[in-house]
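>>> for reference, the sequence and a predicted model appear below.
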Amino acid sequence: MEISVYIATSLDGFIARKDGSLDWLPGSDGSDDGSGEDYGYGEFMAGIDVLIMGRNTFEMVRSFGTWPYGELRVAVLSSTLGSLPEELPDNVVRMSGLPRDIREMLAADGCRHAYLDGGKAIQAFLDAGLVNRLILTRVPVLLGEGIPLFGPLAGDLKLQHIKTLSFENGFVQSHYHCL
């Protein structure tokens, strides 16, 4: 099973403010950012059959109101969350365990391409060497502090640059293959 990360960061590498806020990210409130551009997100999502997200990301997405993922299978990673809210579709499940075990369970259930979202989840899967592809969109803003995308690793993680795209609004998106 392939695991891909598609995420935006501030220019200084933060995915959110310390309190988890995304107010610095255009369109973070669910509105159109005015560019008419989806930065390849639609095409990316068309190839995904499961979304693996950390609990904090899950709570943030729930705060938006309407569940945005429709029939896409979603695995919420949490060892402390008891049960999921009843209003969520049946295709949303809670999972816990080591990243390798999560990947093996989803692969055994027929999943072929996962979208991994959430800072701690991304860090854990990167550290375990399970991420195949990184798509990072850098937003031209410096936050100074916040929740970093990257954390400690057991060893170096070498990446192969695939391509970089720049957008009129200053966003720069780089695609990498994890070696």
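Great, that's in hand.
>>> what sits against the residue lying closest to Gly151 once chain neighbours are set aside?
Among residues not flanking Gly151 along the chain, Gln123 sits closest, at 4.1 Å (Cβ to Cβ, 6 or more residues apart in numbering). Any C-beta I mention is one placed from the backbone N, CA and C, and that applies to glycine too. Gln123 is in contact with 149-152, counting by Cβ atoms under 8 Å, 6 or more residues apart in numbering.
>>> need the buried ones from those selected in PyMOL.
Buried residues among those (16 or more other Cβ atoms under 10 Å), as a PyMOL selection:
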select buried, resi 149
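>>> now the two most distant members of the contacts of Gln123.
Leu149 and Pro152 (12.7 Å; Cβ to Cβ).
>>> just checking, Ser166 touches Val172?
Yes - contact between Ser166 and Val172 holds when scored by Cβ atoms under 8 Å: they sit 5.1 Å apart.
>>> so what's the residue most central in space within the chain up against?
By Cα atoms, centre = their mean, the chain has its centre lying nearest to Asp117, at 2.1 Å. Shown in contact with Asp117 (Cβ under 8 Å, 6+ apart): 5-7, 51-54, 57.
>>> phi and psi next, for it.
phi -140, psi 140 (degrees, to the nearest 10).
>>> separation between it and Ser79?
The spacing between Asp117 and Ser79, counted by Cβ to Cβ, to the nearest Å, is 18 Å.
>>> ok, residues contacting the helix or strand of the chain with the lowest mean pLDDT?
Scoring the helices and strands of the chain by mean pLDDT, DSSP states H and E places helix 55-63 at the bottom, with a mean of 91. Under the criterion Cβ under 8 Å, 6+ apart, residues 20, 22, 53, 67-68, 76-78, 80-81, 85, 117-121 lie in contact with helix 55-63.
>>> so which of those residues sit within strands?
If you go by DSSP state E, these have 53, 76-77, 117 in strands.
>>> which parts of the chain are helices?
41-46, 55-63, 99-108, 119-127 (DSSP state H).
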